[in-house]
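Here is a sequence together with a model predicted from it:
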Amino acid sequence: MIELPARLDAVGDAGDWMAAWLARRAVPSETAFAMRLCLEEALANIAMHGDKEGEISISASLAEEPGRVVLSIGDDGQPFDPVTAALPEGQEIGGNGLLLLRRYCSDLDYRREAGRNQLTLGFSLPDGNPAPGR
């Protein structure tokens with residue numbers, strides 16, 4: 001698990017934390033790329049749009065499940081459900097985070113619990129088997 005403030009300068013640290021975790025498990029590079037992209041996009045959006053006075057706290061954790069890897073992200077910013085939010089229209093730069101999450105995740109789940117957004121992102125492994133090694 002990693003805990004960090006919702007600041008853009010912390011996004012890279014979270015990406016490095018994830019890369020190290022995934023490397024120890026020999027997760028395929030395509031899956032690792034998708035996971036890091038989704039993590040960094042979600043964290044950047046929390047930092048930019050959390051709309052809470054004061055500092056927003058974020059936690060993230062990773063878990064292996066049969067046939068997939070799961071990324072869980074929690075934050076105490078304003079409620080926002082990326083699972084049901086409308087997709088952006090047009091070709092503007094930015095605003096594509098929801099599209100990325102929906103494209104790369106095999107499943108998405110959101111809930112608001114104890115004043116925190118809880119987002120769970122599932123990523124299927126190409127062969128459907130757990131990642132090898134620890």
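Perfect, thanks for sending it. Note that the coordinates shown come from a computational prediction; the quantities given were computed from them, not determined experimentally.

Give me the number of neighbouring residues for residue 41.
19 (other CB atoms under 10 Å). For every residue, glycine as well, the C-beta is placed using N, CA and C.

ranges for the helices of the chain?
11-24, 29-49, 97-104 (DSSP state H).

Wait, residue 30 touches residue 126, no?
Yes. Here residue 30 reaches residue 126: they are 7.1 Å apart, a contact under CB atoms under 8 Å.

highest average neighbour count across the helices of the chain?
Scoring these by mean neighbour count under mean count of other CB atoms under 10 Å gives helix 29-49 as the most buried, with a mean of 19.

Identify the residues contacting the residue nearest to the spatial centre of the chain.
Central residue of the chain (CA atoms, centre = their mean): residue 39, 3.3 Å from the mean position. Residue 39 is in contact with 14, 15, 18, 60, 71, 73, counting by CB atoms under 8 Å, 6 or more residues apart in numbering.

ok, back up a step: just send the helices of the chain back as TSV, with distance to residue 83 too.
Shown next, in TSV, are the helices of the chain (distance: least, CB to CB, whole Å):
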stretch	distance to residue 83
helix 11-24	21
helix 29-49	12
helix 97-104	9
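
between those, which gets nearest to residue 113?
helix 29-49 (15.9 Å; CB to CB).

can you dump the C-alpha coordinates of that closest one into PDB?
Listed next in PDB are the C-alpha coordinates belonging to helix 29-49 (Å, rounded to 0.1, in the frame of the first residue of the first chain):
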ATOM      1  CA  SER A  29       4.600  -5.400 -20.000                       C
ATOM      2  CA  GLU A  30       1.300  -4.600 -21.800                       C
ATOM      3  CA  THR A  31      -0.600  -5.100 -18.500                       C
ATOM      4  CA  ALA A  32       1.900  -3.100 -16.500                       C
ATOM      5  CA  PHE A  33       1.700  -0.300 -19.000                       C
ATOM      6  CA  ALA A  34      -2.100  -0.200 -18.800                       C
ATOM      7  CA  MET A  35      -2.100  -0.300 -15.000                       C
ATOM      8  CA  ARG A  36       0.500   2.500 -14.700                       C
ATOM      9  CA  LEU A  37      -1.400   4.700 -17.200                       C
ATOM     10  CA  CYS A  38      -4.700   4.200 -15.300                       C
ATOM     11  CA  LEU A  39      -3.100   4.800 -11.900                       C
ATOM     12  CA  GLU A  40      -1.400   8.000 -13.000                       C
ATOM     13  CA  GLU A  41      -4.500   9.200 -14.800                       C
ATOM     14  CA  ALA A  42      -6.700   8.500 -11.700                       C
ATOM     15  CA  LEU A  43      -4.300  10.200  -9.300                       C
ATOM     16  CA  ALA A  44      -3.800  13.300 -11.600                       C
ATOM     17  CA  ASN A  45      -7.600  13.600 -11.800                       C
ATOM     18  CA  ILE A  46      -8.000  13.400  -8.000                       C
ATOM     19  CA  ALA A  47      -5.200  16.100  -7.600                       C
ATOM     20  CA  MET A  48      -6.800  18.400 -10.200                       C
ATOM     21  CA  HIS A  49     -10.500  17.900  -9.500                       C
END
